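In: Quick check, what structure comes out for this input:
(chains A and B, ligands or ions: 1)
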Amino acid sequence: MSDAIVDGWCARIRDCAAREAPVAIVGGGSKAFYGHRVDGETLDTREHAGIVDYEPTELVVTARAGTPLADLETALAAERQMLAFEPPHFAEGATLGGTVAAGLSGPRRPYSGAVRDLVLGIRVIDGHGRHLAFGGRVMKNVAGFDVSRLMTGAQGTLGVITEVSLKCLPRPAAETTRVFECPADDAIRRVNEWSGHPLPLSATCYVDGRLAVRLSGAAPAVEAAARKLGGDAMPDADTFWRSVRDHAHRFFERGSGEVLWRLSVKSTAPFTDFDGVQLVEWGGALRWVRGASPALDAARLRAFAASHGGHATLFRGGNGRDGIFHPLAPAVMTLHRSLKEAFDPVRVLNRGRMYAGF
Amino acid sequence: MTTATANPASGRRDVSGVVDALLTRYGARAVTTRAIREQHSHGEGLADPALPDVVVYPRDNDEVAAIVRLCHAARVPVIAFGVGTSLEAHVAALEGGVTIDFAEMNRVLEVNVEDLDCRVQAGVTREQLNAELKGTGLFFPIDPGANATIGGMAATRASGTNAVRYGTMRENVMGLTVVTADGTPIHTGGRARKSSAGYDLTRLIVGSEGTLGIITEIQLRLYGLPESITAAVCQFPDLGSAVRTVIAAMQMSIPVARIELLDDVQMDACIRYSKLEGYEAKPTLFFEFHGTTAGTAEQAELMQQIASEHGGSAFAWTSAQEERNKLWKARHQAYYAALALKPGHQAFATDACVPISKLADCVLETRADVEREGMTAPIVGHVGDGNFHLVLLFDPKDPADRERAEGIARRCSARAIAMGGTCTGEHGIGVHKLDALVEEHGDAVKVMRAIKHALDPTNILNPGKTVPMHD
Ligand SMILES: Cc1cc2nc3c(=O)[nH]c(=O)nc-3n(C[C@H](O)[C@H](O)[C@H](O)COP(=O)(O)OP(=O)(O)OC[C@H]3O[C@@H](n4cnc5c(N)ncnc54)[C@H](O)[C@@H]3O)c2cc1C
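Out: Next comes the predicted model:
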């Protein structure tokens, strides 16, 4: 049945390519806000759902793109396993395909890997309407170019993801969260220092003058680390981390006219006040900045991120006039256009989602 | 779809003009002697030489860019060369041209202890990097067995024994400086952990075997040296028990840094070569645990328990460095022990990767094939990942023997693919596995070809490798 759905999509994309009619790929719509708006005929991936193969002993799961993330996580939890990149849902109905296409990872990312690190293989329909498989279901594959990773985070501009194989991990036996009151620069200094030690860190978050540090692993290791770090225990930590992951935390409530920027920087970048409030994750490497739109100057944020080895994205709000994603160097932009051309020469797939024209 | 033609010789322009220009510009750093060209005509493994016209030794990014621009203008092939330890004829200059040897680009440019990262030139070797990191408390864990360059390791997406714990080059390269096919230097990725803006060019270039761009600098992730390392060894009555032990350990999330499997043929070779005592010629697992002193001791004990539940015997473990080296000696000398099995023979290695539950079957069927052909081929596996290597020993003077070996390697690829795995988990495609790539990826190879065409429209970057340009 599902093969018929994919065959149908292939035919549709061929037809759209012939008519030069753009296609907007949608899943649960939970990340629709991310990136530029896409116009075109809707291709809803949710009809193609379900787990294709899950072998807990292999630590690998393969599922169709339209599978709700929540269903997938429930199936893994029944085997005491998890998606180690702790994917953000942002809203109910988030799908696996959308999660991989967006390339976003949650609080556990610096310690257990990003979504692209855990994608083992992928199936996609390219702009010619061909259904293709890259990578596979094994831990290591160096056969040919790493197209699975290229697809991860390409936001559907290079292909419609139809199926993904992911590495999963056993859930930690024990988990605890410690909290410390401290100023922001102190928090960044501390988490960086701890990162260099053999501590079972699994998430950090600084918000509202408090640093929360999650420890995960075997019970004795977690207990020993908690004693070493000190601080206070956080009650109901699971709810807290879920709220950070899904932007349900108070910090992410935007007032009218406010925007949210996402700064990806090296973890030791100094804390800088941008006339906004900040939430710092990933041991200092991820900084969310919320504030009024004219005060949060795109050029200033981008210059800061670039000077600290990273980039800045206008994550929510604003008009995107200065671009949503970090501008690319001209030679890099040329390569992007060539790649888009290789996968989708008529530019039918999610045209304009990332950068003008693709 | 558009397909690039494989550089018909007529499309090539004046190689001699390029050679002259390089000799004039680089003097003693451009070499055309037969000995040097021969040395760059093949890697390890099957030595079918294909000589470049000239070997040039640039010192910085600008020189690399200038060389590539020159070649681009003249449509002359450019082959990047690290130290030539690759195993699938990756560096052979199939159509002649210019080989860029990175020997003089061997500086560690930056070590950022606080950020746990560093930036190196492509010609820095793995051992050199770790020597230069001494005293910082950091190390670079990826160990493909040979003292390869970081550029070559990135280009082949190398991994090795430590991958279970620390990942492969894919996870540990944060960013690259790359000279594109037309000689333009670009930066991909950055210092931030999260991938860069736009498409993940870093991971596209990593593993592209010099066919999509020339890597000149690499930003690498580093790790704190573990407080304690313990090593352990255990023998098993059969392969299945050894593999089941590994599966049980992975399920329990025991943070093993390395798990290596040697089959009985390889153990027999090791016992004789390394004069080991107290071992039998049986499938053997080698473990290493990294962590706190208490943690690693606990892990070794837990491992012993799991192993004994699966029929393991002669379990030994230690955290003292000297004892550790002794325990792992057999593994470290495995390649030479294999060669010593058949003096006068040559070895060529092939690798495959399968779902771990299929590993024992795949290895056993491959063994049966080897025996049917009357060959000798010890097997070593990075079992935590379902990856194994077969060292095929053949008589270089007997073409039929070589053919038998190649047949076994081909069937090993096909078997791994049929079991839901891949024809290569580590060594790559190079020249030898182009057919297997097509078998494994089908139509997807057309897209890989389109990518090659997009990034290297005139097919000058290491032509004839990684992706077949014709059906
Ligand atoms: C005994 C032995 C055991 C091995 N075990 C393993 C193992 O366990 N795991 C594993 O992964 N590998 C293993 N290998 C393979 C080998 O070590 C790797 O392929 C290595 O990464 C290649 O590095 P190199 O510097 O020798 O590169 P080379 O062999 O010189 O080049 C390899 C490829 O990379 C390209 N290249 C080199 N430098 C650059 C550059 N700067 N920019 C762009 N392209 C470049 C070349 O064109 C070529 O295609 C083993 C090899 C040997 C001999």
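In: from here on, contacts and neighbour counts on C-alpha atoms
Out: Noted.
In: Kindly report the domain assignment for the chain.
Out: Picking chain A for this. Domain assignment for chain A by automatic domain parsing gives A:2-170, A:174-245, A:254-316.
In: Actually, chain B is the one I wanted.
Out: As recorded under automatic domain parsing, the domains making up chain B are B:111-224, B:227-432.
In: Make TSV out of these and add mean pLDDT and distance to the ligand.
Out: Formatted as TSV, these follow (pLDDT from 0 to 100; distance: least, Cα to the nearest ligand atom, whole Å):
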stretch	mean pLDDT	distance to the ligand
domain B:111-224	93	3
domain B:227-432	93	4
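In: will you turn those into a markdown table that also has distance to A:V52 and mean neighbour count?
Out: Converted to a markdown table, these look like this (distance: least, Cα to Cα, whole Å; neighbours: other Cα atoms under 10 Å in any protein chain shown):
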| stretch | distance to A:V52 | mean neighbour count |
| --- | --- | --- |
| domain B:111-224 | 25 | 23 |
| domain B:227-432 | 14 | 20 |
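In: mind checking how far stretch A:175-190 is from the chain centre?
Out: The chain centroid and the centroid of stretch A:175-190 are separated by 24 Å under Cα atoms, centre = their mean, to the nearest Å.
In: Is B:V91 in contact with B:H40, as I believe?
Out: Yes - counting by Cα atoms under 8 Å, B:V91 does reach B:H40; the two are 7.2 Å apart.
In: can you list residues touching both of these two?
Out: Contact criterion Cα atoms under 8 Å, 6 or more residues apart in numbering or on different chains; residues shared by B:V91 and B:H40: B:F81, B:G84.
In: Distance to chain A added to the domains of chain B, as a markdown table?
Out: Output for these, formatted as a markdown table (distance: least, Cα to the nearest Cα, whole Å):
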| stretch | distance to chain A |
| --- | --- |
| domain B:111-224 | 4 |
| domain B:227-432 | 4 |
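In: Rounded mean pLDDT for the host helix or strand of A:E341, please.
Out: Element membership for A:E341 (DSSP states H and E) is helix A:330-343. Mean per-residue pLDDT for helix A:330-343: 95.
In: Okay, buried residues for that helix please.
Out: Applying a neighbour-count criterion of 16 or more other Cα atoms under 10 Å in any protein chain shown, one finds A:V332, A:L335, A:H336, A:S338, A:L339, A:K340, A:E341, A:A342, A:F343 buried in helix A:330-343.
In: For A:L229, state which of those residues is nearest.
Out: Ranked by distance to A:L229 (Cα to Cα), the buried residues of helix A:330-343 are led by A:V332 at 43.1 Å.
In: and the gap between the closest one and B:D182?
Out: A:V332 sits 13 Å away from B:D182, taking Cα to Cα, to the nearest Å as the criterion.
In: List the residues that contact A:L43.
Out: With Cα under 8 Å, 6+ apart, A:L43 has these contacts: A:W9, A:V23, A:A24, A:I25, A:V26.
In: now do 10 Å
Out: A:L43 is in contact with A:W9, A:R12, A:I13, A:V23, A:A24, A:I25, A:V26, A:G27, A:V160, A:L349, counting by Cα atoms under 10 Å, 6 or more residues apart in numbering or on different chains.
In: Do I have it right that A:G121 meets A:F134?
Out: Yes - when contacts are counted by Cα atoms under 10 Å, A:G121 is listed as touching A:F134 (5.6 Å).
In: Pass me the low-pLDDT residue ranges in the stretch 1-150 of chain B, would you?
Out: B:1-13 (pLDDT under 70).
In: CA-only coordinates of stretch B:424-435 in PDB, if you can.
Out: Only the C-alpha atoms of stretch B:424-435 are listed here, as PDB (Å, rounded to 0.1, in the frame of the first residue of the first chain):
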ATOM      1  CA  THR B 424      32.500  -1.000   2.800                       C
ATOM      2  CA  GLY B 425      32.200   0.400   6.300                       C
ATOM      3  CA  GLU B 426      35.700   1.800   6.400                       C
ATOM      4  CA  HIS B 427      38.100   1.500   3.400                       C
ATOM      5  CA  GLY B 428      35.900   3.200   0.800                       C
ATOM      6  CA  ILE B 429      35.200   2.700  -2.900                       C
ATOM      7  CA  GLY B 430      38.400   3.900  -4.700                       C
ATOM      8  CA  VAL B 431      38.600   2.000  -7.900                       C
ATOM      9  CA  HIS B 432      38.000  -1.600  -6.700                       C
ATOM     10  CA  LYS B 433      34.500  -1.200  -5.400                       C
ATOM     11  CA  LEU B 434      32.900   0.800  -8.100                       C
ATOM     12  CA  ASP B 435      30.800  -2.200  -9.200                       C
END
